[in-house]
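A.B. asks: Following is a predicted model, sequence given first.
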Amino acid sequence: MVIFVCWDPIPLFPRSPSYCYSQFHHSQRSQGRNPHEWHEFIVYIKVSVMDSSKIFPFLLLFHLLLLAPSSSIEPISTAAFIGVTTAVTSLVTYYTGTQSHFAMFCYLWECCVEDGNNVGLKEDQLEQDLKENVFGQHLVQKIVVKAIKNFVKNPNPKKALALSFHGWSGTGKNFVSNMIVKNLYKNGLSSIFVHYFVATKHFPHAEYVQKYKDDLQKWIQGNVSVCQRSLFVFDEMDKMHPGLIDAIKPFLDFHIMLDNVNYRKSIFIFLSNAGGVQINNVAMDFWKEGKDRESIAMVDVEPLLQMGAFNEKTSGFWHANVVDKHLVDFFVPFLPLEQRHVRMCINAEIKSRGLEFKNSEEKEKIIDAVLDEMTYFPHLERIYAGG
């Protein structure tokens with residue numbers, strides 16, 4: 001019997017059970033063995049799921065196995081194999097074998113179960129969070145809630161949901177994506193089913209684009225095979241090397257299954273500064289014409305974003321198939337913030353931190369000081385806050 005322990009320290013591309021299985025076979029073949037001629041006992045441990053105290057029974061069993069005489073391990077007798085299998089089965093059954101134990105397991109840890117506790121949209125809370133904490137973004141509030149709600153409530157979506165957030169820095173793209181995560185997953189931003197990528201950190205070198213693409217596909221496949229309701233955030237899309245994002249095209253397309261994995265319940269969110277100039281120009285034109293900014297509609301902005309992202313050579317969406325094939329469901333514009341919106345943001349932050357002031361005059365003085373430190377554009381009109 002071969003015991004292959006796959007310990008996952010959560011590297012850049014976290015391992016999955018399918019990854020561990022393939023690594024086991026590779027390790028056996030490299031030693032001139034045929035994996036199929038051996039009894040396989042593959043142990044998958046993910047440290048982010050179980051802490052040291054909760055995983056102790058499992059580790060104790062493996063420790064005893066490792067301390068056992070070598071003659072009892074390789075080759076292992078049939079009796080010993082049955083004994084080990086029974087012990088492991090008993091432990092797993094204790095934690096997950098019955099409905100009550102499974103419920104307890106998922107209460108203590110995080111499971112990919114859409115029960116309203118582990119995974120499930122808190123629709124009213126998301127809507128309230130956006131209303132109370134996101135200012136000057138009427139299009140965002142309208143589109144995001146509707147898109148997420150309709151997608152999550154659909155038991156059999158035709159494809160994965162892809163949202164692309166566009167706008168200058170400081171307009172709330174990361175903030176809104178975090179709100180979505182917190183209202184979808186039990187563990188919020190620390191959920192093991194939520195995966196973040198930052199282009200300049202995770203994909204910095206142009207010469208390694210093909211390797212990044214291969215690793216990214218394996219990583220997404222492994223994680224979605226564990227949980228179909230996985231969420232992936234790609235930040236700094238405007239700094240991503242062209243062509244790289246097309247690695248995920250198969251997962252966004254209208255496939256029922258790919259290699260026995262269903263990707264249609266997954267969510268992909270892209271964050272980009274690309275298109276920020278076009279968005280700002282639309283907002284400025286409405287201001288010059290004396291129109292209310294809340295009258296800006298998606299038809300005024302979305303086509304510009306789609307074309308701009310596709311044709312901007314420095315953008316990760318440059319000539320990307322995911323755009324050309326219309327696999328991005330919504331291009332969501334984040335409008336530039338006026339000073340009144342920034343004031344609302346500061347007030348909301350003060351409230352969330354529970355900060356107290358002697359009086360309202362002191363509070364307003366501090367807020368004014370913060371506003372004075374910011375830059376504004378256009379230079380003469382000073383209407384919008386810079387990122």
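C.D. replies: Sure thing, it's come through.
A.B. asks: Can you classify the nearest residue to residue 247 once chain neighbours are set aside by secondary structure?
C.D. replies: Using C-beta to C-beta, 6 or more residues apart in numbering and skipping residues adjacent in sequence, the residue nearest residue 247 is residue 213, 3.7 Å away. (C-beta placed from N, C-alpha, C; glycine too.) Using DSSP: H, G, I helix; E, B strand; the rest coil as the criterion, the local structure at residue 213 reads helix.
A.B. asks: Give the burial count for residue 213, as a bare number.
C.D. replies: Residues lying near residue 213 (other C-beta atoms under 10 Å) number 18.
A.B. asks: how far away is it from residue 221?
C.D. replies: 13 Å (C-beta to C-beta, to the nearest Å).
A.B. asks: One more: residue 269?
C.D. replies: When residue 269 is compared with residue 221 (using C-beta to C-beta), they lie 19 Å apart.
A.B. asks: And residue 359, by the same measure?
C.D. replies: In terms of C-beta to C-beta, residue 359 sits 58 Å off from residue 221.
A.B. asks: Between those two, tell me which one has more neighbours.
C.D. replies: Comparing residue 359 with residue 221 by other C-beta under 10 Å, the one with more neighbours is residue 221, at 18 against 8.
A.B. asks: Based on its surroundings, how many neighbours for residue 378?
C.D. replies: 10.
A.B. asks: which residues does the closest residue to it other than its chain neighbours contact?
C.D. replies: The shortest distance from residue 378 to any non-neighbouring residue, by C-beta to C-beta, 6+ apart, is to residue 284 (7.4 Å). Residue 284 sits next to 378, 383, 384 when contact means C-beta atoms under 8 Å, 6 or more residues apart in numbering.
A.B. asks: now do residue 188
C.D. replies: Contacts of residue 188 by C-beta under 8 Å, 6+ apart are 181, 182.
A.B. asks: hang on, the earlier thing: in strands, which of the contacts of residue 284 appear?
C.D. replies: With strands taken from DSSP state E, the overlap with the contacts of residue 284 comprises residue 384.
A.B. asks: Take the contacts of residue 284 and lay them out in JSON lines including distance to residue 365 and pLDDT.
C.D. replies: Below are the contacts of residue 284 laid out as JSON lines (distance: C-beta to C-beta, whole Å; pLDDT from 0 to 100):
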{"residue": "378", "distance to residue 365": "27", "pLDDT": "90"}
{"residue": "383", "distance to residue 365": "23", "pLDDT": "93"}
{"residue": "384", "distance to residue 365": "23", "pLDDT": "94"}
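A.B. asks: got CSV for the contacts of residue 284, with distance to residue 128 too?
C.D. replies: Output for the contacts of residue 284, formatted as CSV (distance: C-beta to C-beta, whole Å):
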residue, distance to residue 128
378, 35
383, 29
384, 27
